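*Asks:* Give me the fold of what follows.
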Amino acid sequence: MKIYLISPTHYNADGSLHKTTRYWTSGMTLPYLKQLTPSEHQVTMVDELFYDVDLESDADVVGLTAMGRRSLAPISSPTTTARAARRSCSAAPG
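*Replies:* Next up, the predicted model:
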């Protein structure tokens, strides 16, 4: 099974996605999940603060984490919902 773990960024006031080159805090949830996942599964992680999310990923399961409600806004957007429905992909925010 292919698993894609995403740490989303948030929107700036102008509607663009916030990106940075410096990281002042580090979330440990996704690295722990990756290490605890049985080795027969392929796990890919992305931190959207630095890298773009692969919206064409062929993952079987997509896991999302966030530290606030602003970070989860992209999940419920019509574009994201339509893409997930078209691909029949499972998403697990939390």
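
*Asks:* Going by C-alpha atoms from here, please, whenever you check contacts or count neighbours.
*Replies:* Noted.

*Asks:* Pop out the phi and psi values for the residue nearest to Ser7 when sequence neighbours are not counted.
*Replies:* Nearest residue to Ser7, sequence neighbours excluded (Cα to Cα, 6 or more residues apart in numbering): Asp47, at 4.8 Å. Backbone torsions for Asp47, taken as degrees, to the nearest 10, come to phi -110, psi 110.

*Asks:* Ala59 now?
*Replies:* phi -60, psi 150.

*Asks:* before we move on, back to that, surely the residue nearest to Ser7 meets Pro8?
*Replies:* Yes. Using Cα atoms under 8 Å, Asp47 is in contact with Pro8, at 6.4 Å.

*Asks:* the more surrounded of these two?
*Replies:* Pro8 (26 against 17; other Cα atoms under 10 Å).

*Asks:* Just the pLDDT for the residue nearest to Ser7.
*Replies:* Asp47 carries a pLDDT value of 83.

*Asks:* which residues sit in contact with it?
*Replies:* Residues counted as contacts of Asp47 (Cα atoms under 8 Å, 6 or more residues apart in numbering) are Ile6, Ser7, Pro8, Thr9, Val53.
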